[in-house]
Each structure stands twice: as C-alpha cells, then as structure tokens.
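Chemist: Sharing a model that was predicted from the sequence below.
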Amino acid sequence: MGYYAILVIFTIFLSGQGISNSRMPLYINLVTNIGLLMYLSWSWLQRKIKSLYLPIALLAATIIPIFSNLFYLAEPVIKDLSLIIVRSWLLFPILLVPLVLIAWQYGFRYVMAFTVVTAIVELGVLYPVVGKIDFETLPLLGLPMIRAFAFGTVGRIVAHLIATQQAQSKALLKANYRLSLHAETLEQLAVSRERNRLARELHDTLAHTLSGQAVNLEALKLMIPTEQTEILGMLDQALENTRSGLHETRRALKDLRTLPLEDMGLALAIRNLAKDAASRAPFDIRLDVPDTLPELPPDVEQCVFRIAQESLENIVRHANANRVKLRLGIETNRLQMEISDDGVGVDLDELDLHDKLGLQGMRERAAEIQGKFDVFSQPGQGMTIRFSVEAPDDQGIDL
C-alpha cells in the first residue's frame, strides 16, 4: 500500500496529470491494498463469514491486480510489445503472495486452478490486442504460459514443503503419544511390582503372625478350666479379634495384588482368562489372539478385559456349549473382539431387562469408551458378542 501510494504521488507530481489509463493500475492497486488492509484487520467480519474470510481476500488479491494491469491496453497508442511484456511481468511479484498463501492453506490442486485461471484471463485479453500470432507476437502470447510454469513450480515447492511439515508434525505427535503411553505403562508396571512386593511382605509377616496368634489362643483356650468363665470370655474376644484382623488382612492382600491385566498385558491376560474358563466347563476353546497387542489406553484395556471376562463367565454358567471361539486383534484401525459359542442361546427380545446375563453392563462399559457393542443370539443357535473400539493409528492420533 505504501509502495503504490508513493508511486501515485510521484507520477502526479512529475506529470501534473491526474487519472489516465496508463496510470490506472496504480490507483486500483492502491485502493485494493487499502481495502485488503481494512478487510484483514476486521476481526468481527472474520468471525461472521468464517471459512469464506480468507478465500475472499485471496480472490481480491488475485483478480483485481490482473485486470487493473490490463487497463493500459485500452490506450489506442499502446502497441509496443516490449512494454506489454514488461507490464505483464510486473504481475509476477504481486500474484506471488496469494499463490504462496493458496499453496500453504489449500494444497496443489488450488495452485493449479489459480495458475490456469490467471493464464487464461491474460491470454484472453492479450490476443485481441495483438490480433495475430507470428514470430513477433509469439513471445508476448507465451508470456502467460511461462509465468504459469513459474507459478506451478513455486506452488508445487510450497505445497510439498507444507505437506512435509505436516507429516513431520503428525509423526512427532504420534511419537509423543507412544512415548506417553510407554511411560504410563512403565509407571503402572512399577506400581504393580511394588504392590505385589508389599502384598508378599504383609503375607509373610502380618498374616503369618496373626495365624500363629490365633492358633496359640485356641491352644491356650483348651488349657484353661471351664470354670474360668471370665478368662475364657476374654480369650474368646481376643480370638475373635485376631480372626477378624486375619480376615481383613487377607482381604487387603487380595485388593493389593494387581490384576492379571496389569501383570501380563492384555493379550496374555485374555489368553489366561480363556484357558481358565475352558478348564471349568466342558467345551473346547479356539483362540485367535496375537502374542502382543499395540499399547492401548488403560481404560480401553480394562474394558476389553472385563467384557471378555463377563462373556466367558456367561458361557461357563449358562451356555452349555461344546465349542467356543475368541478372536482379538487390530483390523482397519480398530480393536476388534468377537466371542461366540454353539450353546443354547437366548431370545434377546424375551430376555428379562433385569437379567440379561451381564449384557447391559458390558454395553455400558463399551459406551464409556465410545466403543461399539453388539449381541447376536437365537434359541439353540448359540450367542455371538462383538466389540470394537477405535485404536490409535500406529499408536498416534488421527489428525
């Protein structure tokens, strides 16, 4: 804007004339840049028109300079081809700014559209002026094509740089996400080991001490004469307190010990869960579970484990099945689990709402992590439970 303002003042001062076709581009570009400055400084308008805000500015910064630069062609005396070539190349630095912004914001397809449109517009105006194609006019008519090649090259480089930068940012974000999951896993493993260590220590010290104390009190009670009712009453009270303390200690030890999921990971925990279920019921189980699974958020692993646990427990208690299949893995960027049996099945429509074999609880667990949970069953045709949840893309984030 400052550049065009200086040019306008300088040309008026030297020539002493006002507006003419040859100087019209100066005035138009000055007004255009003043308008763009006001437009791009109007934050209210940006909030109002949202996604159209930048395209309108880019369109104005492209179309207006092109047509204003061709105003001088309206002068009847303008036939100097070298002057036309020079004026045409003046557009290059002006149009380079919207070109780079288009490549940065919208990609190479829009760069090509920008390049083709600018070339066609200028060719459509220049051809009627020169009137013919010969060796003298060919360089002039080839100018828009050469400039289009330059625009395409610059746009392609900028679009490639932006795409590379976005890919690197996405890769860095994925790496940070994997690192955070790994750190969380290591922290959970350290906590699990410490809890197990404390449980062993308490079992070997406090639990054994209380067990021995209870045995001693029982033996002491047998040694006291029956007429010593007051002493026997005190011993009974002490024995009851000792047993209660032992019971609470065992309960605390059970709570303190980590779950199989925390100790072994999801894949091995599911395998052990399935083998345990098969050992308690007369059915053959077929497992399709990979040796390892990608790192998943703890709430997702917990949900998968609990759904598998509840499903297998239902089969053990109610299905009367001969064959069970359990499949778990990553497919099309989703963690998929399917558990099916050939048992008695149920009519889901007639199943009591309050006695749905834990199906409602499994469905609620799946909903908590935005997972998909489906049940298929018919009387005499067994039951199939399918669960899936979106897994991080290569343990990254879908950007």
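Modeler: That came through, no problem.
Chemist: can you list the domain ranges for this protein.
Modeler: 2-177, 194-256, 260-395 (automatic domain parsing).
Chemist: Need these in JSON lines (columns: mean pLDDT).
Modeler: Below are these laid out as JSON lines (pLDDT from 0 to 100):
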{"stretch": "domain 2-177", "mean pLDDT": "82"}
{"stretch": "domain 194-256", "mean pLDDT": "82"}
{"stretch": "domain 260-395", "mean pLDDT": "84"}
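Chemist: Make TSV out of those domains and add mean neighbour count and distance to residue 186.
Modeler: (C-beta placed from N, C-alpha, C; glycine too.) Shown next, in TSV, are those (neighbours: other CB atoms under 10 Å; distance: least, CB to CB, whole Å):
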stretch	mean neighbour count	distance to residue 186
domain 2-177	15	15
domain 194-256	13	13
domain 260-395	17	11
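Chemist: Turn these into CSV, including distance to residue 183.
Modeler: CSV is the format used below for the domains of the chain (distance: least, CB to CB, whole Å):
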stretch, distance to residue 183
domain 2-177, 10
domain 194-256, 17
domain 260-395, 10
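Chemist: Quick check: which of these is nearest to residue 185?
Modeler: With CB to CB as the criterion, residue 185 lies closest to domain 260-395 of these, at 6.1 Å.
Chemist: Return the distance of the closest one from the chain's centre.
Modeler: In this view, domain 260-395 has its centroid 25 Å away from the chain centroid, taken as CA atoms, centre = their mean, to the nearest Å.
Chemist: Tell me where the protein has strands.
Modeler: With DSSP state E as the criterion, the chain has strands at 284-288, 323-331, 334-341, 372-377, 383-390.
Chemist: Neighbouring strands - and their directions - for the first one?
Modeler: Here strand 284-288 has these sheet partners by DSSP bridges: strand 323-331 (parallel).
Chemist: re the thing from before, reformat the strands of the chain as TSV; add distance to residue 119.
Modeler: Shown next, in TSV, are those (distance: least, CB to CB, whole Å):
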stretch	distance to residue 119
strand 284-288	59
strand 323-331	48
strand 334-341	46
strand 372-377	51
strand 383-390	45
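Chemist: nearest to residue 91, of those strands?
Modeler: Nearest of those (CB to CB): strand 383-390, 48.8 Å.
Chemist: looking at the strands of the chain, which is closest to residue 39?
Modeler: The nearest among the strands of the chain, by CB to CB, is strand 383-390 at 41.1 Å.
Chemist: Just want the angle from that closest one to strand 334-341.
Modeler: 170 degrees (axes from the mean of the first three to the mean of the last three CA atoms, to 10 degrees).
Chemist: Dump the C-alpha coordinates for strand 383-390 into CSV.
Modeler: Taking Å, rounded to 0.1, in the frame of the first residue of the first chain, the C-alpha atoms of strand 383-390 are listed here in CSV:
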residue,chain,number,x,y,z
MET,A,383,-24.5,-66.4,21.1
THR,A,384,-22.0,-64.1,19.5
ILE,A,385,-20.7,-61.0,21.2
ARG,A,386,-18.8,-58.4,19.1
PHE,A,387,-17.0,-55.4,20.5
SER,A,388,-14.8,-52.9,18.7
VAL,A,389,-13.3,-49.6,19.5
GLU,A,390,-11.1,-47.2,17.5
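Chemist: and the angle from it to strand 372-377?
Modeler: Using the same axes, to 10 degrees, strand 383-390 lies at 170 degrees relative to strand 372-377.
Chemist: From the contact counts, what lies against strand 383-390?
Modeler: helix 298-314, strand 334-341, helix 359-368, strand 372-377 (3 or more CB pairs under 8 Å, 6 or more residues apart in numbering; DSSP states H and E).
Chemist: Strand partners (parallel or antiparallel) of the shortest one?
Modeler: Next to strand 372-377 in the sheet, as set by DSSP bridges, lie strand 383-390 (antiparallel).
Chemist: Run the angle between the strand it pairs with and helix 359-368 for me.
Modeler: Using the same axes, to 10 degrees: strand 383-390 against helix 359-368 is 10 degrees.
Chemist: Give me the contact list for strand 383-390.
Modeler: 300, 303-304, 307, 311, 314-315, 319, 333-341, 343, 345-346, 362, 366, 369-377 (CB atoms under 8 Å, 6 or more residues apart in numbering).
Chemist: now swap in stretch 41-59 and tell me
Modeler: Under CB under 8 Å, 6+ apart, the answer for stretch 41-59 is 36, 39, 40, 98, 101, 102, 105.
Chemist: one more time with 10 Å
Modeler: 35-36, 38-40, 97-99, 101-102, 105-106, 110, 114 (CB atoms under 10 Å, 6 or more residues apart in numbering).
Chemist: now that stretch, how far from the centre of its chain.
Modeler: With CA atoms, centre = their mean, you get 28 Å for stretch 41-59.
Chemist: Ok, stretch 158-171 next?
Modeler: The answer for stretch 158-171 is 17 Å, by CA atoms, centre = their mean.
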